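Participant: Whatever this is, show me its structure:
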Amino acid sequence: MIPKVVSWKKDTVKDLVDLLNSGDTLAVIDIHGVPAGAMLGMRASLRTDMNIQVAKKRLMRLAWEQAGYDADSIESLFNGAVQPALVSSSNLNSFELFTELKKTEAGRAAKEGDVAPHQIVVEKMDTGMPPGPIVGDLNSVGIPAKIMGGSVQIQKRTVVLEEGDVFEGEMGMMLSKIGINPIVTGLRLCGTLEAGTLFAPATLDIDYEQFETDLVSYAAGAFNLACNITWFTNQTMPTILAKASREAMAVALEAAIATADTMPHLVGRAHNSAMAVAGQLDSDALDEELATMLGAAASAAASAASASESTSEAPTEAEEEEEEEEEESFGGLGDLFG
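Facilitator: Have a look, this model is predicted:
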């Protein structure tokens, strides 16, 4: 006798298949520990960008295969999920999906029986709490505390739990009192499938500001390398040509090659050299034109030096006005006190 399949299961599988076919990015999330009220709010805030449906793993597997996806991939996505849900999005890629789901996460105090998601460390610090029974409570769970300077202080850095350890007694409550809420609740992404590629959460967790900085740095390094090895592209050609032009000009000036571009520089350099030689000669050896040119150059240099000194020493108009205002204000105070 063929067992009869309950109709709601068929409907659920059909809905799941429709969900899987509705988006380009598919994912499995873990909703374990999320309160029902919070879950409703999260789904409402995410509805415009993704579809979320909760179902039993067996029904998800059936829908996954009916939608034409490899059975091994969903098993990979189920890894670590206590209470999984399927997600589909046509607006977000895997990285954007991770970022949006990350926003739903928040820490809460650990309860007895919770498992530490990572190593729990209490740093040496001043808790800011006034003296009281809290000192004994902290010490009772292995957190060394003492009253110093009128407040409760943690005496040294202490590892209270390792990853995978179970919270017992009042440990979670004591950690919460000093600001440590290690249990993260929210829609935790277990993995995504996009264009046939599986992405683990660790791969999608990117610091976008640092990523942008790295891209700019890598692009600058690549551009410099391309210019240094004379790699011709549309981007490097203007820089390479400008560099070649400067180097060609420097060689032409060093070799005193006369061209329309180098002549002004060569004539100017020759003139300066001639003036330097003339400045070393006795005045009787100079003709009238050369003497006049040397005198004009000396006068210009003296004027420039004088202007520089007057600028640094002479008070500005604003300073003079400020001094006048100070004198007037002191006079007014003198009048007040007779």
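Participant: Tell me where the model's unsure across this structure.
Facilitator: 1-5, 283-286, 290, 297-298, 300-302, 304-338 (pLDDT under 70).
Participant: for it, what spans make up the helices?
Facilitator: 7-20, 36-46, 57-66, 71-78, 94-102, 134-140, 171-177, 201-204, 208-228, 237-254, 263-280, 288-313, 317-337 (DSSP state H).
Participant: Could you save the ones you listed as JSON lines and add columns showing mean neighbour count and distance to Ser88?
Facilitator: Every C-beta, even on glycine, is put in place using the N, C-alpha and C of the backbone. Formatted as JSON lines, the entries for the helices of the chain read as follows, by neighbours: other C-beta atoms under 10 Å; distance: least, C-beta to C-beta, whole Å:
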{"stretch": "helix 7-20", "mean neighbour count": "15", "distance to Ser88": "5"}
{"stretch": "helix 36-46", "mean neighbour count": "13", "distance to Ser88": "12"}
{"stretch": "helix 57-66", "mean neighbour count": "18", "distance to Ser88": "11"}
{"stretch": "helix 71-78", "mean neighbour count": "16", "distance to Ser88": "13"}
{"stretch": "helix 94-102", "mean neighbour count": "20", "distance to Ser88": "10"}
{"stretch": "helix 134-140", "mean neighbour count": "16", "distance to Ser88": "47"}
{"stretch": "helix 171-177", "mean neighbour count": "20", "distance to Ser88": "36"}
{"stretch": "helix 201-204", "mean neighbour count": "14", "distance to Ser88": "17"}
{"stretch": "helix 208-228", "mean neighbour count": "11", "distance to Ser88": "24"}
{"stretch": "helix 237-254", "mean neighbour count": "12", "distance to Ser88": "47"}
{"stretch": "helix 263-280", "mean neighbour count": "11", "distance to Ser88": "70"}
{"stretch": "helix 288-313", "mean neighbour count": "10", "distance to Ser88": "72"}
{"stretch": "helix 317-337", "mean neighbour count": "9", "distance to Ser88": "69"}
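Participant: Using a markdown table, lay out these together with distance to Glu112.
Facilitator: Formatted as a markdown table, these follow (distance: least, C-beta to C-beta, whole Å):
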| stretch | distance to Glu112 |
| --- | --- |
| helix 7-20 | 35 |
| helix 36-46 | 22 |
| helix 57-66 | 28 |
| helix 71-78 | 28 |
| helix 94-102 | 28 |
| helix 134-140 | 14 |
| helix 171-177 | 7 |
| helix 201-204 | 28 |
| helix 208-228 | 38 |
| helix 237-254 | 66 |
| helix 263-280 | 85 |
| helix 288-313 | 76 |
| helix 317-337 | 72 |
